[in-house]
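**Q** Structure for this input, please:
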Amino acid sequence: MTKKEALIATCQASVPDGSLDLALINRGLNGTDAYTAADQKDIELATIDVLYGLLTAPDIQEGGYAISHPDFYRKIQARVLQLAQKWGVTDITNVLNPTVKGVSPW
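**A** Take a look at the predicted model:
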């Protein structure tokens, strides 16, 4: 399995090929190299990059018609949040799972 194939498998969603290549390049990875267990963190961080890009992309629009997929986005958000928490990517977790500070439930 190549690193790109590992990224595809880790994304668990259909993603544009260019987004995969860009995420690999930005993480300093060669998609044609063989994947090893030592690459897990880098691949999962690249997955966060790819899936967060999907979450922040505008809805599909053509003319006056727009399509939104809230269930798809909910699943992608859950996957991104899980990986971000696993690897301590706090800038993503803060955006996807904000907490209210200074408010006591008592």
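**Q** shaky segments in the protein?
**A** 58-62, 64-69, 98-106 (pLDDT under 70).
**Q** could you pull out the helices for it?
**A** Under the criterion DSSP state H, the chain contains helices at 3-11, 17-26, 40-56, 70-87, 90-96.
**Q** Quick check: which of the ones you listed is nearest to residue 63?
**A** Proximity to residue 63 (C-beta to C-beta) singles out helix 70-87 among these, at 21.5 Å. Backbone N, C-alpha and C define where each C-beta goes, glycine included.
**Q** Which positions in the closest one come out as buried?
**A** 76-77, 79-81, 83-84, 87 (16 or more other C-beta atoms under 10 Å).
**Q** Show me what it is packed up against.
**A** helix 40-56, helix 90-96 (3 or more C-beta pairs under 8 Å, 6 or more residues apart in numbering; DSSP states H and E).
**Q** what angle do it and helix 40-56 make?
**A** Orientation check (axes from the mean of the first three to the mean of the last three C-alpha atoms, to 10 degrees): helix 70-87 against helix 40-56 gives 150 degrees.
**Q** Just the angle for helix 70-87 relative to helix 3-11, thanks.
**A** Using the same axes, to 10 degrees: helix 70-87 against helix 3-11 is 110 degrees.
**Q** how about helix 70-87 as CSV, C-alpha atoms only?
**A** Extracted C-alpha coordinates of helix 70-87, given in CSV (Å, rounded to 0.1, in the frame of the first residue of the first chain):
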residue,chain,number,x,y,z
PRO,A,70,-25.7,18.0,6.6
ASP,A,71,-25.5,14.3,7.5
PHE,A,72,-22.3,13.9,5.4
TYR,A,73,-20.8,17.0,7.1
ARG,A,74,-21.8,15.7,10.5
LYS,A,75,-19.9,12.4,9.8
ILE,A,76,-16.9,14.2,8.4
GLN,A,77,-16.8,16.6,11.4
ALA,A,78,-16.9,13.6,13.8
ARG,A,79,-14.0,12.0,12.0
VAL,A,80,-11.9,15.2,11.9
LEU,A,81,-12.6,15.9,15.6
GLN,A,82,-11.6,12.3,16.5
LEU,A,83,-8.3,12.5,14.7
ALA,A,84,-7.6,16.1,15.9
GLN,A,85,-8.2,15.1,19.5
LYS,A,86,-6.0,12.0,19.1
TRP,A,87,-3.0,14.1,17.8
